[in-house]
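Enquirer: Below are the sequence and a predicted model for it; my questions follow.
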There are 2 protein chains.
Amino acid sequence: MSPPSAIDIDVEAVTDTQGITIPDPLQLPLRANEIFGRRKKTEKSQWGVAAPSSSAKFKADVGSGKPMARRWDDYLSAEAVRRQGNSLKQAAKYLGKPGLISLGGGLPSSEYFPFDSLSFVAPSVPKFSEAETKTDGVTVTAGKHDLQEEKGIFDISTAFNYGQGTGSAQLLRWITEHTELVHHPPYQDWLCTMTVGSTSALDMVLRLMTEPGDYILSEEYTFATAVETASPMGVKVFGVPMDAEGLLPEKMDEILSNWTSATTPSGARKPHLLYTVPSGQNPTGATQGAQRRRDIYTVCQKHNIYILEDEPYYFLQMQPYTGADAPDVPPPKTHEEFLTSLVPSLLSMDVDGRVMRMDSFSKVISPGSRVGWITASEQIVEKYRMHADVSTQGPSGMSQLILFKLLDEHWGHGGFLDWLVHIRMEYTRRRNVILSACETHLPRSIVSWQPPMAGMFHWLRIDYTQHPSYPSKTIPEIEEEIFLRVIDHGALVMRGSWFYANADDRHDTLFFRATYAAAPFERITEAIRRFGEAVRESFGISEGLEEEGREKKKLKV
Amino acid sequence: MSPPSAIDIDVEAVTDTQGITIPDPLQLPLRANEIFGRRKKTEKSQWGVAAPSSSAKFKADVGSGKPMARRWDDYLSAEAVRRQGNSLKQAAKYLGKPGLISLGGGLPSSEYFPFDSLSFVAPSVPKFSEAETKTDGVTVTAGKHDLQEEKGIFDISTAFNYGQGTGSAQLLRWITEHTELVHHPPYQDWLCTMTVGSTSALDMVLRLMTEPGDYILSEEYTFATAVETASPMGVKVFGVPMDAEGLLPEKMDEILSNWTSATTPSGARKPHLLYTVPSGQNPTGATQGAQRRRDIYTVCQKHNIYILEDEPYYFLQMQPYTGADAPDVPPPKTHEEFLTSLVPSLLSMDVDGRVMRMDSFSKVISPGSRVGWITASEQIVEKYRMHADVSTQGPSGMSQLILFKLLDEHWGHGGFLDWLVHIRMEYTRRRNVILSACETHLPRSIVSWQPPMAGMFHWLRIDYTQHPSYPSKTIPEIEEEIFLRVIDHGALVMRGSWFYANADDRHDTLFFRATYAAAPFERITEAIRRFGEAVRESFGISEGLEEEGREKKKLKV
């Protein structure tokens, strides 16, 4: 249960490597897998079929001395207010009676699950590459009746049956511990509950906290699916201006301070929700620094805004970019060094319980698991869970069993952190490939960018004012012309306008989004070369002319 | 790809075994696994990561000559009307261009899925028992890159990545074929799309077709979760009286004919949705016969009601009950005999496209898969899928891969039908155990029942008029008293009042629900014995007195 860790832990190495405040070392578990050693004693019955569970049971820090979350009752929708618990669960309280035979719950017998065992091959720490997994991978197996046979705490007969809206106690324990290890939420009554992915979590929280006609705030360019989730509910997204570090808190303050229902076109009430992707934001790739996050949180306190912190890319934070020819920064040497290298989350600053953080295994294990979780105050988590019980239910038990076997039994917390460092270094390489390709192949007088510090996206700004058809052609027309020309040249990038928080607003920027997450390295480089070719063609410049342009620009600076 | 089938097919044996109209034999595939032989030629690209797919591609009968579904636009909610497709999918149409390099979609590379292969042990046909699976089960394996290596059409790199709201093309093909094999929907433009379970499907279709303040119709006693799904949306359930065959169409006609907003307490508009569980209804165990279903459909046509046919227990239809001492009815001998023994579905009668059928793997494979599907007209399925794309997404890819390997590659359609016959015989045994226990241990002067023909539930009617405290105690008080006394005696059954469609209505019946689905046989018998003991105690009768009572009652008849 305590697999060896690739990264030897060196307590002395806990240093402030990126100018970020380090959490009090006493709160930092010294060895991630020591979490297993201090787990509370468990009883077999707490792992049974559809056994109720709560994060509260699994927190090491009970939070005494920390404040309780504020109440958010005023922000609950009519739907959420009407939502009550499941009546049949009234029967559950009798199930503990010794000797009781239940003909109550309509759960099928596991006799009729046509599976005897489930196995997968996974990398052993630290041999994480695909090739090493093929040669040195370990077979991890779950039996059908491991719990009954005392071979383990999670098995096919349990995971493949019905579960709770929270997800299984087995995986929820690991998730709670991981959340505590990484974020140490600074209030008392936080809980985690599983989701069937953050897309579903957003759908559900909007139904929990908005009414038709509401506006929510978000970055000016935002995750298109978020807008399309909100829009059918009659909820609009108001875009807050951004810079290279993402959302601008002073602009947000300005918008909220000046908001009156009278001056808003639709007469909407003042927003009470912020949807933000703090790390490697989609589509801009922007990452809010620690101070930026603190400033955003302060503005949210001022206007009593509830924050939806969507963090699929949190662990895709990369090594600092040192430039095309400079030596790479060596990887973090310890778990502590890795954890302190991460920009602290809004959750980690959340003294008010005003953050619902959405986490996901999609970018760090597999999107197909459809397993994620939220962390928020008990009052919000309970309403969320009650909705899950009568809609999505818990995530797939098949997925939960696979994740539990991998994360808890096989890797442990330490092994997962080692895996995250592996992913970090891989994404760093990918990011460096696209940056190097851009430096080589793009006309810098027309296209500009910031090196992404996290996530999957590179955001390319086009100086449309230099386009020969500007201003006779509109920005959207120029965007479309370039987009189609890039396709003609054999590459596909996304149009920035597809990501407007509110497409009806006036916009005076032109961007394309390119991802370096998936294509093989040489194909990334080739696609960027084609993109550069298409842009030059569109702007009517030859490679030579453009070089001159770049020189001129440099002189100006 | 065509596993042997346990049940040899005997075309001559296609006879009307239960007085049910047999579909035209020409429409019945003679051998279930022949479906594989007539599959359309496929291309590798149609199975790729997040490849779009539609049931329409997989139907054998293109439906020419069949009517198109009616339009349901008038029934769509404001939310559904506002719902549009995903804007980023605009980019997908360019992906087919030869040689194109996409830096478009933000999908992670499968390099970073820490799995090399996935295996499970499943029973081989016809050795379906747990013990046989242990000794003779077959190991089924999916590799990481089977598609690329041309070893199969579904693999870890595809299934574990993002998918579509429809679910994967691979499993959707099997589901579509299965639906066609069993139901032959009699209109042209039907489609299937996957769900994360029928609970979620109901949540989503209510958002698609209701507004706050609406009533929907259902059985008088209904699935409690359905009521709790609707209620927070401000949607109430109006209970239609039932008999042993479930919902009474003439009562439904009467309710609808007399409905005016003025006479309804809340001024609600006339209902346009019926939620019904036709087979083994929860909690009553009632199964609508073929004629009953036709009559319900006719009333729905008359009042233009859209039908939500929730059928988790469809394949838990059992053998006829022959009584405690009579010989059992032998199992169906052929796939055809099995299929024709099933009461035809509302979907199979649906000439108007007015049915959304909800199917689920929960009761026949595993609830933990969180995979189900709906079948409905294209216009409804498309709106559903668009919602899924921005909420639940498709079901877990891990679950989909396991189900595909089991159902398509390992068992095939024929093997699955064989498995269903196995399940049918197992539930028949369980049902017979509880009926035999009831006959032996319950006071028949007080408790009466009908043998369930499908599902998991036995519904026990209590003649409260004979209770010593009636009428000084109310029916709910007597129900509670018995419920708690049964627990004192060491058994748990569910209170009927927990299943009222509308708890505010006046009710003059008293029932308990007992399930025979899960407990071992001897425990079912013992629990019923305890229930009988508690009821006798509550009604103040000894076993002897009750016997006398029974004799008296018999004389009266």
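Expert: Noted; the coordinates are in hand. Residues are numbered from 1 along each chain as shown, chains lettered A, B, ... in the order given.
Enquirer: contacts and neighbour counts: CA atoms only from here.
Expert: Fine.
Enquirer: and after the helix or strand residue A:141 falls within, which helix or strand comes next?
Expert: Counting by DSSP states H and E, the element that carries residue A:141 is strand A:138-143. Sequence-wise, the next helix or strand downstream of strand A:138-143 (DSSP H and E) is helix A:156-159.
Enquirer: counting contacts, what elements does that next one pack onto?
Expert: helix A:397-404 (3 or more C-alpha pairs under 8 Å, 6 or more residues apart in numbering or on different chains; DSSP states H and E).
Enquirer: got the angle for the helix it packs on vs helix B:397-404?
Expert: 120 degrees (axes from the mean of the first three to the mean of the last three C-alpha atoms, to 10 degrees).
Enquirer: by contact count, what packs against helix A:397-404?
Expert: Looks like helix A:397-404 contacts helix A:156-159, helix A:169-183, helix B:397-404 (3+ C-alpha pairs under 8 Å, 6+ apart).
Enquirer: Return the residues in contact with the closest residue in space to residue A:118 that isn't next to it in sequence.
Expert: Among residues not flanking residue A:118 along the chain, residue B:120 sits closest, at 4.3 Å (C-alpha to C-alpha, 6 or more residues apart in numbering or on different chains). The neighbourhood of residue B:120, defined by C-alpha atoms under 8 Å, 6 or more residues apart in numbering or on different chains, consists of A:115-119, B:139-141.
Enquirer: secondary structure element for residue B:120?
Expert: Secondary structure assignment for residue B:120, by DSSP H and E: strand B:117-122.
Enquirer: How is the closest residue to chain B within the stretch 201-350 of chain A assigned, secondary-structure-wise?
Expert: Chain B sits closest to residue A:232 of the stretch 201-350 of chain A, with a gap of 4.8 Å, by C-alpha to the nearest C-alpha. Following DSSP: H, G, I helix; E, B strand; the rest coil, residue A:232 is assigned to helix.
Enquirer: so residue A:483 touches residue A:493, yeah?
Expert: Yes - counting by C-alpha atoms under 8 Å, residue A:483 touches residue A:493, with 7.3 Å between them.
Enquirer: Report the buried residues of the helix or strand harbouring residue A:295.
Expert: Taking DSSP H and E as the definition, residue A:295 sits inside helix A:290-302. Buried positions in helix A:290-302, judged by neighbour count with 16 or more other C-alpha atoms under 10 Å in any protein chain shown: A:290, A:292-294, A:296-297, A:299-300.
Enquirer: Then stretch A:211-227?
Expert: Buried, per 16+ other C-alpha under 10 Å, within stretch A:211-227: A:211-212, A:214-227.
Enquirer: contacts with chain B among the residues you listed, please.
Expert: A:224-226 (C-alpha under 8 Å from any C-alpha of the partner chain).
Enquirer: Dump those residues into JSON lines; add pLDDT and distance to residue B:167 as well.
Expert: Formatted as JSON lines, these follow (pLDDT from 0 to 100; distance: C-alpha to C-alpha, whole Å):
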{"residue": "A:224", "pLDDT": "93", "distance to residue B:167": "21"}
{"residue": "A:225", "pLDDT": "93", "distance to residue B:167": "18"}
{"residue": "A:226", "pLDDT": "95", "distance to residue B:167": "20"}
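Enquirer: Adding distance to residue B:124 and secondary structure as columns, could you present these in a markdown table?
Expert: A markdown table is the format used below for those (distance: C-alpha to C-alpha, whole Å; DSSP: H, G, I helix; E, B strand; the rest coil):
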| residue | distance to residue B:124 | secondary structure |
| --- | --- | --- |
| A:224 | 46 | helix |
| A:225 | 43 | helix |
| A:226 | 45 | helix |
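Enquirer: can you pull the buried residues of the longest helix seen in chain A?
Expert: Taking DSSP state H as the criterion, chain A has its longest helix at helix A:412-441. For helix A:412-441, burial by neighbour count (16+ other C-alpha under 10 Å) applies to A:412-439, A:441.
Enquirer: Looking at the contacts of residue B:120, state which has the most neighbours.
Expert: residue A:115 (27 neighbours; other C-alpha atoms under 10 Å in any protein chain shown).
Enquirer: That residue: which element?
Expert: Counting by DSSP H and E, residue A:115 is part of no helix or strand.
Enquirer: what's the closest non-adjacent residue to it?
Expert: Per C-alpha to C-alpha, 6+ apart, closest to residue A:115 is residue B:122, 4.7 Å.
Enquirer: Mind listing the residues bridging to that neighbour?
Expert: residue B:138 (DSSP bridges).
Enquirer: tell me the contacts of it?
Expert: Residue B:122 is in contact with A:114-116, B:133, B:137-140, B:406, counting by C-alpha under 8 Å, 6+ apart.
Enquirer: Put together CSV for those residues, with distance to residue B:260 on each row.
Expert: Shown next, in CSV, are the contacts of residue B:122 (distance: C-alpha to C-alpha, whole Å):
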residue, distance to residue B:260
A:114, 51
A:115, 53
A:116, 56
B:133, 58
B:137, 60
B:138, 60
B:139, 60
B:140, 58
B:406, 51
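Enquirer: Can you tell me the SS state at the residue located most distally from the centre of chain A?
Expert: The C-alpha centroid of chain A is most remote from residue A:99, which lies 45.3 Å away (C-alpha atoms, centre = their mean). Taken by three-state DSSP, the conformation at residue A:99 corresponds to coil.
Enquirer: Would you mind measuring from it to residue B:57?
Expert: 54 Å (C-alpha to C-alpha, to the nearest Å).
Enquirer: where exactly do the helices run in the stretch 401-550 of chain A?
Expert: With DSSP state H, counting those that start in this stretch as the criterion, the stretch 401-550 of chain A has helices at A:412-441, A:475-488, A:521-539, A:543-556.
Enquirer: What helices and strands are in contact with the third one?
Expert: This points to helix A:521-539. helix A:412-441, helix A:475-488, strand A:491-492, strand B:101-102.
Enquirer: ok now it, how far from the chain's centre?
Expert: Centre-to-centre, helix A:521-539 and its host chain are 30 Å apart (C-alpha atoms, centre = their mean, to the nearest Å).
Enquirer: Likewise for the first one?
Expert: For helix A:412-441, the separation from the chain centroid amounts to 16 Å (computed by C-alpha atoms, centre = their mean).
Enquirer: returning to what we had before: per-residue confidence at the nearest residue to the residue farthest from the centre of chain A once chain neighbours are set aside?
Expert: Using C-alpha to C-alpha, 6+ apart and skipping the chain neighbours, the partner closest in space to residue A:99 is residue B:490 (6.3 Å). Here the pLDDT value assigned to residue B:490 is 97.
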